[in-house]
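S.K.: sharing a sequence plus its predicted fold:
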Amino acid sequence: MTERTKSPDLAKLLKERNEIPLSRLLSYIWHFSVPGMLAQISSILMQYIDAAMVGRLGAEAAASIGLVSPALWMFGGLTHSLSAGFTVQTAQAVGAGDEYRAKRLLRQAIVVCTIFSSVVASLSAAMSGMLPVWLGAEDAIRSDASSYFFIFQLALPVFQLVYLMSGMLQASGDMKTPAVLNALMCAFDVAFNYVFIIILDLGAAGAAYGSACAAVITAALILYRTIRKSPVLALTKKDTWKIDKSDFMRALKIGVPVGAEQTAWSGAVVASMRFIAPLGAVSLAANSFAVTAESLCYMPGFGIQEAASTLVGQSVGAKRSDLAKRFARLTTASGMIVMTITGAIMYAMCPAVFAFLTTDKAVRTLAVRVLRIELFAEPLFAAAIVASGALRGAGDTLIP
């Protein structure tokens with residue numbers, strides 16, 4: 001296997017047969033987790049940006065975004081699940097030194113995931129007009145909520161491409177590029193939101209336009225980086241884009257349970273909106289801000305989850321089940337420690353966080369109460385998130 005097929009450090013580790021010290025394994029986990037954490041945090045910062053800039057317009061504008069955000073997560077998670085079917089296989093192919101198969105999986109993933117996300121985007125955008133009604137929203141926020149959801153869903157294939165290319169690069173051992181480009185997407189989001197929300201005065205719809213434009217630029221950059229500059233995954237003009245049946249069926253076997261998991265979890269949040277929406281704009285906005293703030297605590301967990309998938313996946317591909325098990329246990333423990341710390345920090349800082357997100361005192365007060373209840377779940381939430389990623393790296397998605 002060539003040194004360029006994997007990061008040199010991990011390639012060397014997978015070849016060693018001696019007992020590996022705990023401190024060294026933790027250094028690998030840290031090396032792979034930090035870029036993933038930054039990528040995940042920058043991703044959630046886009047929601048902070050939208051919430052903060054729209055929140056300045058009042059509780060109703062913020063509530064319109066909060067109402068449909070869980071539905072956006074549900075459809076986004078559904079499309080991302082198919083990506084997992086290809087990224088897991090890619091990590092295992094890289095671990096086995098099969099660069100040809102890794103590239104073949106990349107080509108198929110681009111075709112299949114783009115088609116699937118386009119279908120989901122079309123169907124979900126078509127229901128944008130009725131979604132706020134089904135969720136029991138007040139008349140005052142229905143129009144903004146529908147517009148935000150419609151625009152965001154039309155951009156779903158672009159967000160899917162960013163997510164897919166990030167996953168493929170991470171599976172190949174490149175954690176830094178997705179982190180940098182996702183952070184850049186936040187900067188683009190601020191700039192475009194300023195144009196659409198402040199200058200053009202488009203309100204909640206402006207936030208969706210801003211996020212979509214930021215995603216388009218980022219998708220172009222990360223796609224170019226993956227298929228032209230990646231040492232492992234770069235494609236040539238001779239590569240065929242034909243779908244391999246065995247790869248596709250394995251992607252479905254891995255991805256369908258992930259899709260069911262994402263749909264069930266996000267669907268439950270969507271259903272809860274049906275109970276919260278009739279309580280009014282203040283309750284809806286407070287719940288939305290609380291969920292957004294909490295997500296900053298568990299995004300590091302998702303970053304460690306990605307590291308767990310890559311480390312376990314490449315270990316399985318290299319037939320190092322001993323390392324796969326150790327990485328699974330250590331990443332899960334690391335995630336629990338990190339999210340316990342972030343939860344404790346957020347418990348203390350949440351009043352200041354909500355002061356940044358909204359000027360409405362009633363919303364801020366209620367959001368603090370809601371968030372401080374939720375934060376007690378962080379340690380075991382971390383265990384669920386990271387252990388799921390470790391099992392996913394091993395190709396086991398049904399149990400999670």
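M.R.: Received it, and whenever you're ready, just let me know what you need.
S.K.: residues in contact with stretch 102-122?
M.R.: By Cβ atoms under 8 Å, 6 or more residues apart in numbering, the surrounding residues in contact with stretch 102-122 are 75, 78-79, 82-83, 86-87, 89-90, 93-94, 153-157, 160-161, 164, 168, 171-172, 226-227, 232-235, 239-241, 243-244, 247-248, 251. Quick note: C-beta positions are derived from backbone N, CA and C, even for glycine.
S.K.: could you redo the last one with a cut-off of 7 Å?
M.R.: Contacts of stretch 102-122 from elsewhere in the structure, counted by Cβ atoms under 7 Å, 6 or more residues apart in numbering, are 75, 78-79, 82-83, 86, 89-90, 93-94, 153-154, 156-157, 160-161, 164, 168, 172, 232-233, 235, 239, 241, 243-244, 247-248.
S.K.: following the helix or strand containing residue 330, which helix or strand shows up next?
M.R.: Secondary-structure element containing residue 330, defined by DSSP states H and E: helix 321-357. The element immediately downstream of helix 321-357 (helix or strand, assigned by DSSP H and E) is helix 361-374.
S.K.: angle of that next one against helix 321-357?
M.R.: For helix 361-374 against helix 321-357, the angle between stretch directions is 160 degrees (axes from the mean of the first three to the mean of the last three Cα atoms, to 10 degrees).
S.K.: for helix 361-374, which positions count as buried?
M.R.: For helix 361-374, the buried set under the neighbour-count rule, 16 or more other Cβ atoms under 10 Å, comprises 363, 364, 366, 367, 368, 370, 371, 372, 374.
S.K.: how far does the next helix or strand after it sit from its chain's centre?
M.R.: Sequence order places helix 378-393 as the next helix or strand after helix 361-374, per DSSP H and E. Helix 378-393 sits 14 Å away from the centroid of its parent chain (Cα atoms, centre = their mean, to the nearest Å).
S.K.: show me what helix 378-393 is packed against.
M.R.: Using 3 or more Cβ pairs under 7 Å, 6 or more residues apart in numbering; DSSP states H and E as the contact test, the elements touching helix 378-393 are helix 59-95, helix 281-317, helix 321-357.
S.K.: which of the residues in stretch 261-268 are buried?
M.R.: Under the neighbour-count criterion of 16+ other Cβ under 10 Å, stretch 261-268 has 261, 262, 263, 266, 267 buried.
S.K.: avg pLDDT for it?
M.R.: Mean pLDDT, taken over the full extent of stretch 261-268, equals 78.
S.K.: other residues contacting that stretch?
M.R.: Applying Cβ under 7 Å, 6+ apart, the contact partners of stretch 261-268 are 70, 73, 74, 77, 78, 81, 400.
S.K.: which secondary element of the protein has the worst mean pLDDT?
M.R.: Lowest mean confidence among the helices and strands of the chain (mean pLDDT, DSSP states H and E): helix 8-15, at a mean of 62.
S.K.: residue 339 against residue 297, yeah?
M.R.: Yes: the pair formed by residue 339 and residue 297 meets the contact definition of Cβ atoms under 7 Å, at 6.1 Å.
S.K.: overlap of the contact sets of those two?
M.R.: Contacts common to residue 339 and residue 297, judged by Cβ under 7 Å, 6+ apart, are residue 378.
S.K.: coming back round to it: using a markdown table, lay out the contacts of stretch 261-268 together with distance to residue 256 and neighbour count.
M.R.: Converted to a markdown table, the contacts of stretch 261-268 look like this (distance: Cβ to Cβ, whole Å; neighbours: other Cβ atoms under 10 Å):
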| residue | distance to residue 256 | neighbour count |
| --- | --- | --- |
| 70 | 21 | 21 |
| 73 | 18 | 20 |
| 74 | 16 | 19 |
| 77 | 13 | 18 |
| 78 | 10 | 22 |
| 81 | 7 | 23 |
| 400 | 12 | 15 |
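S.K.: from those, which single one is nearest residue 313?
M.R.: Distance to residue 313, by Cβ to Cβ, is smallest for residue 400 among these, at 14.3 Å.
S.K.: apart from its chain neighbours, what residue comes closest to that closest one?
M.R.: Closest residue to residue 400 apart from its sequence neighbours, by Cβ to Cβ, 6 or more residues apart in numbering: residue 388 at 4.0 Å.
S.K.: neighbours of that neighbour, how many?
M.R.: Around residue 388 sit 21 other residues, with neighbours defined as other Cβ atoms under 10 Å.
S.K.: pLDDT value on it, please?
M.R.: Model confidence at residue 388, expressed as pLDDT, equals 88.
S.K.: before we move on, what about residue 112?
M.R.: We note a pLDDT of 93 for residue 112 in this prediction.
S.K.: and it, backbone torsions?
M.R.: Backbone dihedrals for residue 112, given as degrees, to the nearest 10, come out at phi -70, psi -50.
S.K.: measure how buried it is and give me the count.
M.R.: Look at residue 112: counted by other Cβ under 10 Å, it has 21 neighbours.
S.K.: now swap in the one 3 residues further on and tell me
M.R.: If you count neighbours by other Cβ under 10 Å, residue 115 ends up with 12.
S.K.: which stretch of helix or strand covers it?
M.R.: Here residue 115 is covered by helix 99-126, with elements defined by DSSP H and E.
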